[in-house]
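Engineer: Mind folding the following:
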Amino acid sequence: QLSFIDITRAYSNAKIDEGDEPAFVALPSEDPDSGSMCGQLLRHMYGTRGAADGWQEEYSTMLIGLGFQQGTSCPNVFKHPVRDICCSVHVGDFTSEGGQLALDWLEVAVAEHYEISISPRLGPGPADAKEGRCLNRVIRWCEGHIEYEADPRHAEKLVAECGLEGAGVKPVATPGVKSSFHEFEEDKPLPDRLRTAFRGAAARGNYLAAGRCDAQLASKEICRWMSKPSWQAWQALKRACRFFAGKPRFVYTYPQQSVDEVDVYTDTDWAGSGAYTHLTLPTTPHV
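Structural biologist: Prediction:
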């Protein structure tokens, strides 16, 4: 089965240790000391510099304490060798695969540490759910395979934000084209009234591209104009939206399979020197 656990206010569950850099916030206006004093955070808060690191250390310690082993190539992936559970963590979303009794145990164990919400569990049984959401991506349990679909609502919103709704919009076959030298020479800055709209739409496209490999390159190129949007950038964004208008949905299909090992290539220092590590990880057969 597939279990989806959402941690409520994830970052606030991580305490700020004495060795961490202290963080301070302005006091609310109703506090009598507001304006003359500030507050020192005892727990991490969204938007602060150390929040992500603090939360990763918090949930990693919790899962390891439950008997999980942390991933070799990805620290956000965990495996319980005894209960045979695989768990992937993205901020406060825990997506886990395993047997029914094992996942029952996991959900109870996590609830003892944090306030959580649990979505319907996917599985092959007649009483199991067949469709769920994780990070607004749609996951379906089908006969012989699992489907993973990028959030179709973001594509719809992106098309609407650029004013390309309706039957009169002409779809294009590719999300981007290479601009000519002449087009770059004639390019002009985007008016101030459109800059905020462009940045918001470009950010939405970048989020959508995480689940759509067909538009990743185009979205990355559009984001290059974030600091100084131009008319050329606006045209590139509109082309990507016309592509989404013609292909609003994108579904990955993962057929039932088993593997003996997985080859992983991981960048050892975030592209600092171009060095890569090749890992061959043995694995037990999984669906």
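Engineer: Can you tell me how far residue 151 is from residue 214?
Structural biologist: Separation of residue 151 from residue 214 (C-beta to C-beta, to the nearest Å): 15 Å. For the C-beta atoms, the positions are set from N, CA and C on the backbone; glycine is no exception.
Engineer: more neighbours, the two?
Structural biologist: residue 151 (20 against 14; other C-beta atoms under 10 Å).
Engineer: So the closest residue to that one other than its chain neighbours versus residue 119, what's the distance?
Structural biologist: Spatial nearest neighbour of residue 151, chain neighbours left out: residue 136 (4.1 Å); criterion: C-beta to C-beta, 6 or more residues apart in numbering. As judged by C-beta to C-beta, residue 136 and residue 119 stand 12 Å apart.
Engineer: repeat for residue 133
Structural biologist: 7 Å.
Engineer: which residues do the two both contact?
Structural biologist: The overlap between the contact sets of residue 133 and residue 119 (C-beta atoms under 8 Å, 6 or more residues apart in numbering) consists of residue 4.
Engineer: in stretch 112-128, what's buried?
Structural biologist: Across stretch 112-128, burial judged by 16 or more other C-beta atoms under 10 Å covers 114, 116, 119, 121, 122, 123.
Engineer: What of stretch 78-86?
Structural biologist: 78, 79, 80, 83, 85, 86.
Engineer: how about low-confidence regions in this protein?
Structural biologist: 266-287 (pLDDT under 70).
Engineer: Just the ones of the buried residues of stretch 112-128 in strands?
Structural biologist: Here DSSP state E is the test, and the buried residues of stretch 112-128 give residue 116 as lying in strands.
Engineer: which of the buried residues of stretch 112-128 lies closest to residue 93?
Structural biologist: residue 119 (9.6 Å; C-beta to C-beta).
Engineer: wait, doesn't the closest one sit right on residue 6?
Structural biologist: Yes: the pair residue 119 / residue 6 is scored as a contact, 7.2 Å apart, by C-beta atoms under 8 Å.
Engineer: Look up how far residue 113 lies from residue 16.
Structural biologist: 18 Å.
Engineer: Please apply the same query to residue 178.
Structural biologist: Distance, residue 178 to residue 113, using C-beta to C-beta: 51 Å.
Engineer: again with residue 20
Structural biologist: Taken as C-beta to C-beta, the span from residue 20 to residue 113 is 20 Å.
Engineer: before we move on, what about residue 197?
Structural biologist: Distance from residue 197 to residue 113, by C-beta to C-beta: 42 Å.
Engineer: OK, contacts around the nearest residue to residue 232 once chain neighbours are set aside?
Structural biologist: Distances taken as C-beta to C-beta, 6+ apart place residue 187 nearest to residue 232, at 4.4 Å, with adjacent residues excluded. Contacts for residue 187 (C-beta under 8 Å, 6+ apart) come out as 230, 231, 232.
Engineer: which phi and psi does the residue nearest to the second one when sequence neighbours are not counted have?
Structural biologist: Using C-beta to C-beta, 6+ apart and skipping residues adjacent in sequence, the residue nearest residue 231 is residue 188, 5.3 Å away. In terms of degrees, to the nearest 10, the main-chain angles of residue 188 are phi -130, psi 150.
Engineer: Quick check, residue 188 in contact with residue 233.
Structural biologist: No: shown here, residue 188 and residue 233 do not form a contact pair, counting by C-beta under 8 Å, at 10.7 Å.
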